[in-house]
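Trainee: let me see the structure of the following:
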Amino acid sequence: MNPQKRLRVLWLCSWYPSEVDVFAGDFIQRHAEAASIFCDITVIHCIGNEKIANAKKTQSARKRGLVERIGYYPRSGVLNRILSPLRWMFLTKKLVDDFIKQEGLPDLVHVQVLFKSGLAARYLRWRFGIPYVVTEHWGGYNDVVQDRFSTRPFWFRWVTQFAYNKAVISFSVSAYQAKSLDNELKPLSNLIIRNVVNTDLFKTGDCFVDKYTFIHISDWSINKNPEGILRAFSRFHRNNNQVKLVMVGGKGSNAKRVEQFLGGSYNGVELFGEVAYTEVANIMRRAQCLLLFSKMESASCVVAEALCVGLQVIATDVGGVPEIIDPVCSYLVPDSDEDLFYLAMIDAFAKHVTLNRESISDRAKNIFSYAKVGKEFEESYMGVLGKKI
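Mentor: Residues are numbered from 1 along each chain as shown. Here you go, the predicted model:
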């Protein structure tokens with residue numbers, strides 16, 4: 001494709017990193033970075049901020065091909081919370097109108113998470129005839145998680161279906177997520193575009209470690225089952241004190257729950273709170289095996305990152321996880337089966353010296369790298385628009 005003919009795609013994001021929460025939707029931001037290698041991407045995201053009294057807008061060019069337009073509206077106090085949906089709607093429309101006035105109409109709109117941004121996409125389709133595609137990252141389209149689509153209020157389900165109905169195609173990060181969407185919403189043509197990994201950060205490296213290290217990275221929520229991981233590790237550690245467990249990412253009530261579970265006994269366990277993305281990569285390079293004991297995962301960013309680092313993986317056989325594991329170095333166990341999880345830890349420890357981390361990493365990079373995923377976005381966009389590269 002001629003570099004002067006790059007597609008211009010407007011991303012309407014319900015989740016995205018901001019000054020309110022720098023980690024919210026960071027996987028969407030990485031998708032945007034990957035897509036911007038081949039297309040011109042403008043992100044629009046609006047969010048309520050309890051620390052401001054008046055609406056404000058920011059605009060930044062994160063890197064070549066990617067511009068982020070973030071809007072903030074006040075959300076402190078009862079009245080502002082009541083008005084929050086209207087404030088979101090008017091500020092989103094303002095940012096979209098500003099973009100069109102300055103840049104012209106985009107070739108395509110891409111919705112990231114249907115509720116609420118899908119409404120803006122339907123408006124653009126009605127007003128200007130601009131086609132839109134969707135990627136739904138929310139993991140509630142199943143019968144496993146407690147907060148699932150079928151239990152949400154009618155208005156939430158209606159808005160979601162209303163936005164989904166007129167999309168040209170749906171991109172999903174896993175076949176499991178695609179099937180789940182078909183079960184709950186009107187079936188739509190689907191393409192799989194995996195989560196992306198910054199392989200400049202998540203790569204193999206010479207990091208000295210004194211003990212074989214298991215690592216778990218999550219928010220430590222009940223769905224991630226950190227207590228099950230700790231029970232299995234404690235059982236292993238009693239028979240082998242040459243191993244340790246590093247747990248990263250817990251905060252707030254989740255962190256307190258895990259600390260209370262440990263009861264002050266941290267034998268072989270190191271706890272880290274929420275850390276920067278770059279530091280996650282540094283900590284992961286000092287480990288040998290990722291542990292994921294979730295009850296549900298639509299698709300796991302952390303598994304992809306671990307494989308790019310060259311780690312072994314022990315994970316539950318749920319959701320989209322089986323689609324992305326490397327069978328050479330990975331173990332799948334049934335949800336909540338702590339005995340099999342423990343036995344997988346023993347086997348991983350025994351076999352780790354026979355594995356080549358570089359080979360594991362190379363295989364993963366061919367699936368999850370920015371260049372690979374970014375090219376998939378470009379080709380998919382061109383297909384939707386009936387164009388050729």
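
Trainee: and stretch 131-149, what's buried?
Mentor: Neighbour counts over stretch 131-149 (16 or more other Cβ atoms under 10 Å) mark 131-142, 144-145, 148-149 as buried. The way it works is simple: take the backbone N, C-alpha and C, and place the C-beta from them, glycine included.

Trainee: right, and the pair among those with maximum separation?
Mentor: P131 and V144 (33.0 Å; Cβ to Cβ).

Trainee: picking that back up, out of the buried residues of stretch 131-149, which is nearest to Y16?
Mentor: Closest to Y16, out of all of these and judged by Cβ to Cβ, is H137, at 11.0 Å.

Trainee: which one is that closest one nearest to, not counting chain neighbours?
Mentor: V113 (5.5 Å; Cβ to Cβ, 6 or more residues apart in numbering).

Trainee: for I314, see how far away the one you found is.
Mentor: In this structure, V113 and I314 are 30 Å apart, going by Cβ to Cβ, to the nearest Å.

Trainee: and if you look at G140?
Mentor: On the measure of Cβ to Cβ, G140 and I314 end up 26 Å apart.

Trainee: V111 now?
Mentor: In terms of Cβ to Cβ, V111 sits 35 Å off from I314.

Trainee: over to D40?
Mentor: D40 is 41 Å from I314, by Cβ to Cβ.

Trainee: neighbour count: these two, which is higher?
Mentor: Ranked by neighbour count (other Cβ atoms under 10 Å), D40 and I314 place I314 first, with 28 against 18.

Trainee: doesn't the more buried one fall inside a strand?
Mentor: Yes: counting by DSSP: H, G, I helix; E, B strand; the rest coil, I314 is located in a strand.

Trainee: for it, which residues are in contact?
Mentor: With contact set as Cβ atoms under 8 Å, 6 or more residues apart in numbering, I314 has these partners: C289, L290, L291, L292, S330, Y331, V333, F341, A344, M345, A348.

Trainee: excluding covalently adjacent residues, which one is nearest to the fourth one?
Mentor: In other words, L292. A315 (4.0 Å).

Trainee: just grab the bridge partners of that neighbour for me.
Mentor: A315 has these beta-bridge partners by DSSP bridges: L292, L332.

Trainee: touching, it and P334? I think so.
Mentor: No: here A315 does not reach P334: they are 11.1 Å apart, not a contact under Cβ atoms under 8 Å.

Trainee: the stretch 251-389 of the chain: strands as residue ranges?
Mentor: Along the stretch 251-389 of the chain, the segments classed as strands by DSSP state E, counting those that start in this stretch run 269-272, 289-292, 312-316, 330-333.

Trainee: what average pLDDT does the third one get?
Mentor: Read it as strand 312-316. Across strand 312-316, the average pLDDT comes to 98.

Trainee: in this structure, which helix or strand is least confident?
Mentor: strand 56-63 (a mean of 86; mean pLDDT, DSSP states H and E).

Trainee: list the helices and strands the next helix or strand after that one packs on?
Mentor: As assigned by DSSP states H and E, the chain's next helix or strand after strand 56-63 is strand 66-74. On a contact count with 3 or more Cβ pairs under 8 Å, 6 or more residues apart in numbering; DSSP states H and E, strand 66-74 meets strand 40-49, strand 56-63, helix 84-103.

Trainee: okay, strand 66-74 in CSV with CA atoms only?
Mentor: Taking C-alpha atoms only, strand 66-74 is exported to CSV below (Å, rounded to 0.1, in the frame of the first residue of the first chain):
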residue,chain,number,x,y,z
LEU,A,66,-1.6,7.6,16.8
VAL,A,67,-3.4,10.6,18.3
GLU,A,68,-5.4,10.4,21.6
ARG,A,69,-8.2,12.9,22.3
ILE,A,70,-9.4,12.4,25.9
GLY,A,71,-12.3,14.3,27.4
TYR,A,72,-13.0,14.7,31.1
TYR,A,73,-16.3,15.8,32.7
PRO,A,74,-17.0,16.4,36.4
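
Trainee: what angle separates that strand from strand 40-49?
Mentor: 20 degrees (axes from the mean of the first three to the mean of the last three Cα atoms, to 10 degrees).

Trainee: strand partners of strand 66-74, parallel vs antiparallel please.
Mentor: In its sheet, and by DSSP bridges, strand 66-74 pairs with strand 40-49 (parallel), strand 56-63 (antiparallel).

Trainee: surely the residue nearest to H137 meets W11?
Mentor: No: the pair V113 and W11 fails to qualify as a contact (Cβ under 8 Å) at a distance of 10.8 Å.

Trainee: quick one, which of these two is more surrounded?
Mentor: More neighbours surround W11 than the other of V113 and W11, with 28 against 21 (other Cβ under 10 Å).

Trainee: would the more buried one count as being in a strand?
Mentor: Yes: judged by three-state DSSP, W11 forms part of a strand.

Trainee: sorry, back to before: next, the contact list for the residue nearest to L292, please.
Mentor: Contacts of A315 by Cβ under 8 Å, 6+ apart are 290-294, 297, 300, 303, 321, 325, 330-333.

Trainee: and which of the buried residues of stretch 131-149 is nearest V248?
Mentor: G139 (20.3 Å).

Trainee: identify the residue spatially nearest to that closest one, adjacent ones excluded.
Mentor: S298 (4.2 Å).

Trainee: what residues are up against that neighbour?
Mentor: By Cβ under 8 Å, 6+ apart, the neighbours of S298 are H137, G139, V173, S174, Y176, Q177, S180, G319, G320.

Trainee: ok, the second one touching E297?
Mentor: When you say that, I think you mean G139. Yes: using Cβ under 8 Å, G139 is in contact with E297, at 7.4 Å.
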